[in-house]
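*Asks:* Predicted structure and sequence below. I'll ask about it afterward.
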Amino acid sequence: MKFRYQESCGVSVEKLLQIIHDKGLYDFQENLSRIVQNDDHYSDSVSCVNLPEDQDLFIQVQTAVVDIQALQPTVLVVVGIGGSSLGAKAVLQAIQGRVRDSQGHALRVYFAETVDSDRMYTIMTILEKELGVGNTIIINVVTKSGTTLETLANFYVLVALLKQYRPYDYKKYIIVTTDNGSPLWIHAQSEKYRLLEIPKKVGGRYSLFSAVGLFPLALAGINIEALRAGASHMTQQCFNKDMRLNPAAMSAAIHYYYYRQHIRISDLFMFSVDLEALGKWYRQLMAESLGKEFDVNGARVFAGITPTVSLGSIDLHSVAQLYLGGPRDKFTTFVSVAESAHSITIPEDAPLWKGKAFSGIMHALAQGTQAAYLKTGRPFSTVVLPAKNEYSIGQFVQWKIMEMMYLGFLLQVDCFDQPNVELYKKEALQLLE
């Protein structure tokens with residue numbers, strides 16, 4: 001993965017290094033590294049960085065996958081929302097594509113994320129057809145707290161459906177991923193469902209490399225060893241004391257610089273349709289980590305950067321006019337892929353661009369967009385993934401996780417909590433009661 005910042009758009013690398021020095025990011029990095037190296041039991045929230053190298057966790061997940069594969073499932077339903085589903089969906093779509101069913105994958109995966117009656121009806125109709133012809137479906141319910149309203153509502157409905165077709169052995173088709181001791185954990189124990197544990201100090205949006213993401217991904221055919229290897233390599237890069245070579249520290253410093261310039265919209269411009277869910281995973285990571293009413297000292301600051309996701313070249317025909325001619329309130333990160341998995345070319349007898357490869361056209365569009373940003377003075381950085389494979393996506397995810405820790409430090413907010421989210425939950429539960 002190659003990360004590059006366009007100095008000509010605004011701040012110089014020297015200025016960024018000065019910010020890193022003045023704000024004490026070197027000391028923060030050293031402290032972070034010390035905690036991570038000495039904590040293999042997840043006693044600190046930052047220790048989620050260790051997940052990609054946790055062999056015990058890997059063995060537990062692999063054991064569960066082998067056992068479930070023996071049942072020869074045709075459909076997996078991941079029941080979760082937010083950090084419990086976004087990561088797995090992001091990696092799955094990035095590597096296998098948004099339109100998976102046409103690619104011959106043996107296992108179809110559906111995400112039951114919210115209580116949308118029409119969406120849930122569609123999923124249930126698919127499941128009934130599978131069960132009706134004797135096929136096997138697997139339900140993986142994922143909720144860290146074990147109390148998430150939307151997740152439990154969907155879970156109850158799906159368990160009831162499973163019981164109709166598998167009244168005597170339905171329990172062996174259910175896997176529960178939650179905190180040890182949560183209400184759902186206790187319920188799962190009483191029902192004798194298979195359990196996978198989320199470390200208590202690992203927050204939902206930082207849990208992709210735990211059983212939350214690894215189990216459904218491995219079951220769906222993703223090479224989680226390569227995914228973890230990419231993340232582990234990125235961990236070392238993001239602990240590099242030479243900040244010029246540290247992508248997480250540099251990216252955090254760039255965002256912080258523009259934040260102080262009142263540029264507080266961060267757009268992730270993905271020049272690959274399959275990366276849209278990855279952008280939405282990052283949207284949650286940034287929004288929940290940085291959007292805080294109070295800083296770590298208790299002062300009311302209303303901090304936050306608004307994350308958006310754009311798709312190239314689709315959104316060049318919807319929002320490019322705004323981005324190039326509108327308010328100067330955005331910092332953009334362009335993400336492109338060096339090599340596509342498939343090659344399509346324009347026929348030789350076409351009136352225009354004969355013989356041109358689609359990948360070349362996409363690269364021209366991406367580079368042309370960046371050139372337009374340069375000419376209009378719009379700040380941006382670029383990221384090039386070698387390919388949409390497990391290693392590269394693992395690198396990207398771990399980079400963004402560590403970037404958020406550095407950025408939380410620079411903004412002086414707790415990037416691991418989300419206290420204001422509880423407000424809507426309490427109101428909703430009162431209305432239900």
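*Replies:* Received, thanks. Numbering: from 1, shown residues only.

*Asks:* For Trp147, which residues are in contact?
*Replies:* For the record, residue 147 is Thr, not Trp. When contacts are counted by CB atoms under 8 Å, 6 or more residues apart in numbering, Thr147 touches Ser182, Pro183, Leu184. Using the backbone N, CA and C atoms, a C-beta is placed for each residue, glycine as well.

*Asks:* I'd say the last one and Ile175 touch.
*Replies:* No. Counting by CB atoms under 8 Å, Ile175 is not a contact partner of Leu184; they are 11.8 Å apart.

*Asks:* which residues are in contact with both of these two?
*Replies:* In terms of CB under 8 Å, 6+ apart, Leu184 and Ile175 are both contacted by the residues Val141.

*Asks:* For the residue of the chain most remote from its centre, give its distance to Leu431.
*Replies:* Farthest-out residue of the chain from its mean C-alpha position, per CA atoms, centre = their mean: Asp349, at 42.5 Å. For Asp349, the distance to Leu431 (CB to CB, to the nearest Å) stands at 63 Å.

*Asks:* next one: Asn420
*Replies:* Counting by CB to CB, the gap from Asn420 to Leu431 is 18 Å.

*Asks:* looking at this, Lys241 is in a strand?
*Replies:* No. Residue assignment for Lys241, taken from DSSP: H, G, I helix; E, B strand; the rest coil, gives coil, which places it outside any strand.

*Asks:* What residues does it make contact with?
*Replies:* Under the criterion of CB under 8 Å, 6+ apart, the neighbours of Lys241 are Tyr26, Gln29.

*Asks:* How far away from the center of its chain is stretch 153-166?
*Replies:* Put simply, stretch 153-166 sits 28 Å off its chain's centre (CA atoms, centre = their mean, to the nearest Å).

*Asks:* which residues are in contact with it?
*Replies:* Identification of contacts with stretch 153-166 by CB under 8 Å, 6+ apart yields 77, 79, 112, 115, 120, 124, 127-128, 131-132, 137, 139, 141, 170, 173-174.

*Asks:* run the last query once more with 10 Å
*Replies:* Under the criterion CB atoms under 10 Å, 6 or more residues apart in numbering, residues 77, 79-81, 112-116, 119-120, 123-124, 127-128, 130-132, 134-143, 148, 169-174, 176, 184, 187, 191, 193 lie in contact with stretch 153-166.

*Asks:* what's near enough to touch Gly181?
*Replies:* Residues counted as contacts of Gly181 (CB under 10 Å, 6+ apart) are Gly146, Gln189, Glu197, Lys200.

*Asks:* Can you give me the distance of it to Lys163?
*Replies:* When distance is defined by CB to CB, Gly181 is 26 Å away from Lys163.

*Asks:* Could you save the contacts of Thr147 as TSV and add columns showing neighbour count and secondary structure?
*Replies:* As requested, those are arranged in TSV below (neighbours: other CB atoms under 10 Å; DSSP: H, G, I helix; E, B strand; the rest coil):
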residue	neighbour count	secondary structure
Ser182	19	coil
Pro183	14	helix
Leu184	25	helix
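
*Asks:* Quick check: of these, which lies closest to Phe302?
*Replies:* Looking at those and their distance to Phe302, the nearest is Ser182, at 31.5 Å (CB to CB).

*Asks:* The closest one and Gln60: what is the separation?
*Replies:* The span separating Ser182 from Gln60 equals 18 Å under the rule CB to CB.

*Asks:* ditto for Thr345
*Replies:* Here the distance between Thr345 and Gln60 works out to 46 Å (CB to CB).

*Asks:* Now do the strands in the stretch 251-400 of the chain.
*Replies:* Listed from the start of the chain, the stretch 251-400 of the chain has strands (DSSP state E, counting those that start in this stretch) covering 265-270, 292-294, 300-303, 306-311, 330-337, 380-385.

*Asks:* Name the strands paired with the longest one and say parallel or antiparallel.
*Replies:* Taking DSSP bridges as the criterion, strand 330-337 sits next to strand 265-270 (parallel), strand 380-385 (parallel) in its sheet.

*Asks:* what would those look like in CSV with mean pLDDT?
*Replies:* As requested, these are arranged in CSV below (pLDDT from 0 to 100):
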stretch, mean pLDDT
strand 265-270, 98
strand 380-385, 94
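
*Asks:* Can you say which of those is packed in most?
*Replies:* Using mean count of other CB atoms under 10 Å, the stretch among the strands paired with strand 330-337 with the largest mean neighbour count is strand 265-270, at a mean of 23.

*Asks:* Strand 306-311 and that one, what's the angle between them?
*Replies:* On the basis of axes from the mean of the first three to the mean of the last three CA atoms, to 10 degrees, strand 265-270 is oriented at 20 degrees to strand 306-311.

*Asks:* So this protein: which segments form each domain?
*Replies:* Annotated domains of the chain cover 2-33+230-411, 45-222 [automatic domain parsing].

*Asks:* Out of those domains, which is closest to Tyr424?
*Replies:* Closest to Tyr424 of the domains of the chain, according to CB to CB: domain 45-222, at 10.2 Å.

*Asks:* how long is the closest one end to end?
*Replies:* 26 Å (CA to CA, to the nearest Å).

*Asks:* Over to stretch 376-390?
*Replies:* 36 Å.

*Asks:* State the distance from Glu276 to Leu311.
*Replies:* With distances defined as CB to CB, the gap from Glu276 to Leu311 amounts to 6 Å.

*Asks:* Need the residues touching each of those two.
*Replies:* Common neighbours of Glu276 and Leu311, using CB under 10 Å, 6+ apart, are Leu268, Met270.

*Asks:* Mind jotting down where the strands sit in the stretch 51-200 of the chain?
*Replies:* Counting by DSSP E, counting those that start in this stretch, the segments of the stretch 51-200 of the chain that form strands are 73-79, 108-112, 136-142, 174-179, 194-198.

*Asks:* Switch those strands over to JSON lines; also include mean neighbour count and mean pLDDT.
*Replies:* Output for the strands of the stretch 51-200 of the chain, formatted as JSON lines (neighbours: other CB atoms under 10 Å; pLDDT from 0 to 100):
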{"stretch": "strand 73-79", "mean neighbour count": "22", "mean pLDDT": "97"}
{"stretch": "strand 108-112", "mean neighbour count": "20", "mean pLDDT": "96"}
{"stretch": "strand 136-142", "mean neighbour count": "24", "mean pLDDT": "98"}
{"stretch": "strand 174-179", "mean neighbour count": "24", "mean pLDDT": "98"}
{"stretch": "strand 194-198", "mean neighbour count": "19", "mean pLDDT": "97"}
